[in-house]
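1. just coords:
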């Protein structure tokens with residue numbers, strides 16, 4: 001209102017000036033029209049071919065709303081062109097100007113829109129990759145976690161920025177999931193408007209909000225490679241559990257047909273077919289060996305669950321790889337994660353990329369000579 005009255009009356013009013021009813025009653029729609037034309041056209045008397053390149057129709061609608069707030073104190077009704085009374089911002093000439101500017105914007109003759117569009121999936125992923133590759137703590141852990149949290153719950157920035165660790169709880173119905181409340185959403189005015197919402201993990205680490213929250217919490221307590229190894233180990237464990245769950249669902253669906261056709265004995269036979277006790281021919285890395293032992297590869301049964309008879313069928317492979325599994329298990333029992341244990345093995349056996357056969361040979365040598373890093377005692 002102050003900016004409008006300054007240009008209309010050619011008086012430099014202070015910003016805290018209070019306009020009287022008499023001053024406001026002297027304003028007519030032509031004054032508002034000329035001021036709005038100046039805001040969008042740059043001149044008070046625009047020609048027919050002038051382009052509104054300095055403002056938008058939304059800006060004019062906002063100006064009208066703000067001016068109307070003050071003029072309603074004088075007249076609530078719309079402007080009457082005959083009696084010259086009413087609210088001058090609610091007049092035909094002002095409404096026609098807004099409609100004309102909107103029409104020119106539609107034809108591409110107005111100011112370019114400054115509205116933000118929604119992220120594309122590739123853009124969102126690129127933003128996460130940029131944040132996760134940063135060495136700054138806030139960018140790598142805090143901001144990336146906020147974005148994944150917003151993406152997961154379709155929330156706003158204030159929803160994510162006001163989430164505390166105390167607001168995250170384990171779901172009473174699903175112990176492997178978390179629950180939270182969006183207490184700071186703009187439409188929340190009482191507790192009933194912010195019900196519990198569930199947080200689920202994802203196999204894709206780019207969008208996994210559970211992994212992001214875990215990394216955020218752990219990173220405040222640990223630094224360096226230990227944090228990275230812990231996070232990676234946690235993600236590996238989640239991925240293994242999800243894959244195992246998928247296989248169990250598939251196996252259960254097929255069991256129903258097996259029971260119908262062959263009875264209880266058919267179910268056991270079908271299970272043996274679905275998860276054969278077979279070891280891979282040539283694992284490329286020690287990580288693959290550990291997955292083969294704990295989860296199984298290619299739909300095969302995990303080596304840790306082999307029976308005596310099943311171990312006998314693959315005796316040579318099992319006995320040769322057992323030394324690797326024993327070393328990793330020994331370090332896991334000493335409060336180390338599997339990934340940290342594997343990294344230690346590689347550091348003592350030639351580094352990342354060393355063939356598995358050479359790693360096994362080195363571990364056999366360490367079993368005779370001993371190795372403190374791998375907690376291996378000579379002669380054992």
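-> Looks like it came in fine. In this text the structure is predicted, and so the values were computed from the model without any measurement.

2. where does the protein have low pLDDT?
-> Scanning the chain for pLDDT under 70 picks out the ranges 165, 218-243, 246-274, 379-380.

3. what residue is smack in the middle of it?
-> residue 148 (1.3 Å; C-alpha atoms, centre = their mean).

4. Which strands and helices lie in contact with the helix or strand where that residue lies?
-> In this assignment (DSSP states H and E), residue 148 forms part of helix 144-153. Here helix 144-153 is seen to pack against helix 121-132, helix 157-161, strand 197-199, helix 209-219 when contacts are counted using 3 or more C-beta pairs under 8 Å, 6 or more residues apart in numbering; DSSP states H and E. Where C-beta positions appear, they are placed from N, C-alpha and C, glycine not excepted.

5. Run through who's touching that helix.
-> Outside helix 144-153, the residues that touch it by C-beta atoms under 8 Å, 6 or more residues apart in numbering are 124, 127-128, 131-132, 155-157, 159-161, 163, 180, 182, 197, 199-200, 207-209, 212-213, 215-216.

6. still on that earlier bit, how about JSON lines for the helices and strands packed on helix 144-153, with distance to residue 358 and mean neighbour count added?
-> Putting those into JSON lines (distance: least, C-beta to C-beta, whole Å; neighbours: other C-beta atoms under 10 Å) gives the following:
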{"stretch": "helix 121-132", "distance to residue 358": "33", "mean neighbour count": "13"}
{"stretch": "helix 157-161", "distance to residue 358": "48", "mean neighbour count": "16"}
{"stretch": "strand 197-199", "distance to residue 358": "43", "mean neighbour count": "15"}
{"stretch": "helix 209-219", "distance to residue 358": "33", "mean neighbour count": "20"}
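
7. Let me see the domain layout of the protein.
-> Using automatic domain parsing, the domain ranges for the chain come out as 2-106, 121-219, 222-274, 276-380.

8. nearest to residue 115, of the ones you listed?
-> Each of these was scored for nearness to residue 115 using C-beta to C-beta, and the closest is domain 2-106 (8.7 Å).

9. Distance from the chain centre to that closest one, please.
-> Relative to the chain's own centre, domain 2-106 is displaced by 44 Å; criterion: C-alpha atoms, centre = their mean, to the nearest Å.

10. Check stretch 121-132 too.
-> Relative to the chain's own centre, stretch 121-132 is displaced by 10 Å; criterion: C-alpha atoms, centre = their mean.

11. and if you look at stretch 340-354?
-> Using C-alpha atoms, centre = their mean, the mean C-alpha position of stretch 340-354 is found 33 Å from that of the whole chain.

12. What are the boundaries of the strands in this structure?
-> In chain order, the chain shows strands spanning 169-170, 178-180, 197-199, with DSSP state E as the criterion.

13. which helices and strands sit right next to the shortest one?
-> Yep, that's strand 169-170 we're talking about. Strand 169-170 makes packing contacts with strand 178-180 when contacts are defined by 3+ C-beta pairs under 8 Å, 6+ apart.

14. Give the other helices and strands that the strand it packs on contacts.
-> Under the contact criterion of 3+ C-beta pairs under 8 Å, 6+ apart, strand 178-180 touches strand 169-170, strand 197-199.

15. out of those strands, which comes closest to residue 33?
-> Of all the helices and strands packed on strand 178-180, strand 197-199 sits nearest to residue 33, with 49.4 Å by C-beta to C-beta.

16. Quickly run through the sheet partners of that closest one, with directions.
-> Sheet pairing here is set by DSSP bridges, and for strand 197-199 it gives strand 178-180 (antiparallel).

17. would a markdown table of the helices and strands packed on strand 178-180 with distance to residue 308 be doable?
-> Below are the helices and strands packed on strand 178-180 laid out as a markdown table (distance: least, C-beta to C-beta, whole Å):
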| stretch | distance to residue 308 |
| --- | --- |
| strand 169-170 | 39 |
| strand 197-199 | 43 |
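
18. Relative to residue 74, which of those is closest?
-> Each of the helices and strands packed on strand 178-180 has some distance to residue 74 by C-beta to C-beta; the shortest is strand 197-199, at 48.1 Å.

19. Would you mind listing the outside residues contacting the closest one?
-> 152-153, 168, 171, 174, 177-182, 209-210, 213.

20. Of all pairs in those residues, which one is the farthest apart?
-> Spatially, the most separated pair among the contacts of strand 197-199 is 174 and 182, at 19.0 Å (C-beta to C-beta).

21. Specify the angle between the helix holding residue 148 and helix 209-219 in degrees.
-> Angular relation of helix 144-153 and helix 209-219 on a 0 to 180 degree scale: 160 degrees, by axes from the mean of the first three to the mean of the last three C-alpha atoms, to 10 degrees.

22. could you check the angle helix 121-132 makes with helix 144-153?
-> Note on geometry: by the same axes, to 10 degrees, helix 144-153 and helix 121-132 are set 150 degrees apart in direction.

23. ok so, going back, which of residue 174 and residue 182 has more neighbours?
-> residue 182 (22 against 11; other C-beta atoms under 10 Å).

24. which residues does the more buried one contact?
-> When contacts are counted by C-beta under 8 Å, 6+ apart, residue 182 touches 153, 155, 159, 188, 194, 197.

25. List the contacts of the residue nearest to residue 68 when sequence neighbours are not counted.
-> Spatially, and ignoring its direct neighbours in sequence, residue 68 is nearest to residue 89 (4.4 Å; C-beta to C-beta, 6 or more residues apart in numbering). Neighbouring residues of residue 89 by C-beta under 8 Å, 6+ apart: 29, 32, 64, 67-68, 71, 79.
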